[in-house]
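Engineer: missing the sequence, but the structure's below:
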């Protein structure tokens, strides 16, 4: 036989959870509404962004607003459930202690995120190296830096198609190299080794002409090169099998492999057509002389 007293008591126990459920439901609804509003505003601002810095500011600021609003909702929920500031303080103190003990690395990543946002050592779109990973930054979240990997599975400075997630706290532990902090150009070189019997001046002219052909568009219309943008220049060094001519030039970092390939092909074609310039390569010659 059903005991109605027990049923009523059990219903009373269930009703005691209603305030908590109502509070959680309110928080979820408010956060979803706020996030939809932020997403709509962010989408419009991104369409008007004209620089890498503006793009980073919009993404980082919108994400910071989401985190801030979520924290406010959590504090509101705890206060509503506890019902007093004293209880709220005790609850937050215990919660902070537990989180600090269990989530040391994630907390360090959050602190690192705050430093990244305020100090701005790099922006979304920059090419950086952290430890042994190199890539282009696609996003900066509260805990991770998203890198579109460069190299990695391929031995060139081109995108591998993989995305690497780097914990933010690694900026405290690893050296960070920013290739594009001031602009998107980097100094690159193509080394060419010619035989000692070659006409050195003619070889230098061939190599410089090839480099100028594929880099002149970078400074076209400018009175003088921008900082860190160098016009092609030559550096020489002796090698056992010949003279090495290094042509150095500035190139957009995302185009360095492509431009280097074009310059190499141009040099090869011109040298093959020139009689008194020869490439040096390891080989053995036997010379017979009469005593």
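Structural biologist: Here it is on my side, so go on. Because the structure is a prediction, the values reported are computed rather than measured. Numbering: from 1, shown residues only.

Engineer: hey, let's count contacts and neighbours off CA atoms from now on
Structural biologist: Noted.

Engineer: give the helix, strand or coil label for residue 161.
Structural biologist: With DSSP: H, G, I helix; E, B strand; the rest coil as the basis, the three-state label of residue 161 is strand.

Engineer: what are the ranges of the strands in the stretch 151-291 of the chain?
Structural biologist: Listed from the start of the chain, the stretch 151-291 of the chain has strands (DSSP state E, counting those that start in this stretch) covering 159-167, 176-178, 185-194, 233-239, 242-252.

Engineer: tell me the buried residues in the second one?
Structural biologist: If you call a residue buried by 16 or more other CA atoms under 10 Å, then strand 176-178 has these buried ones: 176, 178.

Engineer: what does the last one give?
Structural biologist: Residues of strand 242-252 classed as buried: 242-252 (neighbour count, 16+ other CA under 10 Å).

Engineer: identify, from those residues, the entry nearest to residue 141.
Structural biologist: Each of the buried residues of strand 242-252 was scored against residue 141 by CA to CA, and residue 252 proved nearest at 26.6 Å.

Engineer: can you read off the pLDDT for that closest one?
Structural biologist: The confidence metric pLDDT takes the value 89 at residue 252.

Engineer: any idea how far residue 256 is from the residue nearest to it when sequence neighbours are not counted?
Structural biologist: Distances taken as CA to CA, 6 or more residues apart in numbering place residue 185 nearest to residue 252, at 4.3 Å, with adjacent residues excluded. With the distance defined as CA to CA, to the nearest Å, residue 185 ends up 9 Å from residue 256.

Engineer: more neighbours: the two, which one.
Structural biologist: When residue 185 and residue 256 are compared for neighbours, residue 185 comes out ahead with 23 against 20, by other CA atoms under 10 Å.

Engineer: would you check how far apart the more buried one and residue 34 are?
Structural biologist: In this structure, residue 185 lies at 40 Å from residue 34, with CA to CA as the measure.

Engineer: picking that back up, JSON lines please, covering the buried residues of strand 242-252 and showing distance to residue 216.
Structural biologist: Compiled in JSON lines, the buried residues of strand 242-252 are given as follows (distance: CA to CA, whole Å):
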{"residue": "242", "distance to residue 216": "29"}
{"residue": "243", "distance to residue 216": "26"}
{"residue": "244", "distance to residue 216": "23"}
{"residue": "245", "distance to residue 216": "20"}
{"residue": "246", "distance to residue 216": "18"}
{"residue": "247", "distance to residue 216": "14"}
{"residue": "248", "distance to residue 216": "13"}
{"residue": "249", "distance to residue 216": "10"}
{"residue": "250", "distance to residue 216": "10"}
{"residue": "251", "distance to residue 216": "10"}
{"residue": "252", "distance to residue 216": "12"}
